[in-house]
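Engineer: structure for the following, please:
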Amino acid sequence: MTDELRLAVERRGNDGAILHTKGYINNVGGEEIATRAYELLDGGVRTLLLDLRETKIVNSIGISILIEIIEKAMERNGRVAFCCLTPVIHKTFHIMGLANYAKIFDSEESAIAELGLAA
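Structural biologist: As a prediction, the model looks like this:
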């Protein structure tokens with residue numbers, strides 16, 4: 001298993017962004033996501049959608065980093081949401097409590113519509 005994570009950021013409107021991940025979210029991948037998320041939040045983004053359709057594994061360190069991102073967004077009156085989770089990641093996010101603070105969507109399309117992230 002590779003530690004490499006690929007991340008693509010798609011800005012949506014003035015205050016939204018979608019982060020598309022591909023690969024393993026561990027300490028290295030999680031930190032890469034956090035760096036980009038914090039840059040976006042510092043730049044005025046208030047809604048972050050993480051599309052995990054190409055991520056199959058998130059370890060405990062990756063989850064803790066995602067929790068930190070959620071907390072930072074909430075401190076700035078922002079929000080974080082996730083979409084396209086594998087069944088295992090979906091269950092893990094519920095068990096670990098991420099679903100209590102971040103909305104989870106089945107598809108990117110439904111997330112974009114509900115979060116108001118139209119292009």
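Engineer: shaky segments in this protein?
Structural biologist: Along the chain, the parts satisfying pLDDT under 70 run over 1-3.
Engineer: now the residue nearest the centre of it: phi and psi?
Structural biologist: With distances taken as C-alpha atoms, centre = their mean, the residue of the chain nearest its centroid is residue 50 (3.0 Å). Dihedral pair for residue 50: phi -100, psi 110, per degrees, to the nearest 10.
Engineer: please report how far residue 97 lies from residue 62.
Structural biologist: From residue 97 over to residue 62 the distance is 15 Å, taken as C-beta to C-beta, to the nearest Å. C-beta here means a position set from N, CA and C on the backbone, and glycine is covered the same way.
Engineer: compare the two (neighbour count), which wins?
Structural biologist: residue 62 (24 against 12; other C-beta atoms under 10 Å).
Engineer: what's the helix or strand for the more buried one?
Structural biologist: Element membership for residue 62, per DSSP states H and E: helix 60-75.
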